[in-house]
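In: no sequence on this one, just coordinates:
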């Protein structure tokens, strides 16, 4: 899995596939104060992005890749 779920954060690594979107949603609901760490994320399927947009949760760490970070930031801001 490209998303590791802990009590205090969800850590995205490498390519976060769409099959993980449901687990991400469940984790966000279970841990409303949990943080989102995208620092090691290299690709994100739109399903995960849609879950993050709906959650309206601030990102703890953005991807290192500037283009991916800009894409995610733009989407999350437009979803507010």
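Out: All right, it came through fine. Note that the coordinates shown come from a computational prediction; the quantities given were computed from them, not determined experimentally.

In: name the spans of this structure whose pLDDT lies under the cut-off.
Out: Low-confidence segments of the chain (pLDDT under 70): 1, 79-80.

In: so residue 63 makes contact with residue 69?
Out: Yes: contact criterion C-beta atoms under 8 Å: residue 63 and residue 69 qualify, at 4.7 Å. Yep, even glycine has a C-beta here, placed from its N, CA and C like the rest.

In: ok, residue 38 - how many residues close by?
Out: By other C-beta atoms under 10 Å, the residues close to residue 38 number 25.

In: measure it to residue 7 for me?
Out: From residue 38 across to residue 7, the span is 18 Å (C-beta to C-beta, to the nearest Å).

In: same deal with residue 68?
Out: 26 Å.

In: show me the helices in this structure, by range?
Out: With DSSP state H, the ranges of helices along the chain come out as 21-30, 46-55, 66-78.

In: possible to save the ones you listed as CSV with mean neighbour count and distance to residue 2?
Out: Listed next are the helices of the chain as CSV, based on neighbours: other C-beta atoms under 10 Å; distance: least, C-beta to C-beta, whole Å:
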stretch, mean neighbour count, distance to residue 2
helix 21-30, 15, 10
helix 46-55, 18, 9
helix 66-78, 13, 13
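
In: out of the ones you listed, which is closest to residue 12?
Out: Smallest distance to residue 12 across the helices of the chain (C-beta to C-beta): 7.9 Å, for helix 46-55.

In: against which helices or strands is that closest one packed?
Out: Helix 46-55 is packed against helix 21-30, helix 66-78, with contacts defined by 3 or more C-beta pairs under 8 Å, 6 or more residues apart in numbering; DSSP states H and E.

In: those into TSV, with extra columns for distance to residue 52?
Out: Listed next are these as TSV, based on distance: least, C-beta to C-beta, whole Å:
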stretch	distance to residue 52
helix 21-30	8
helix 66-78	6
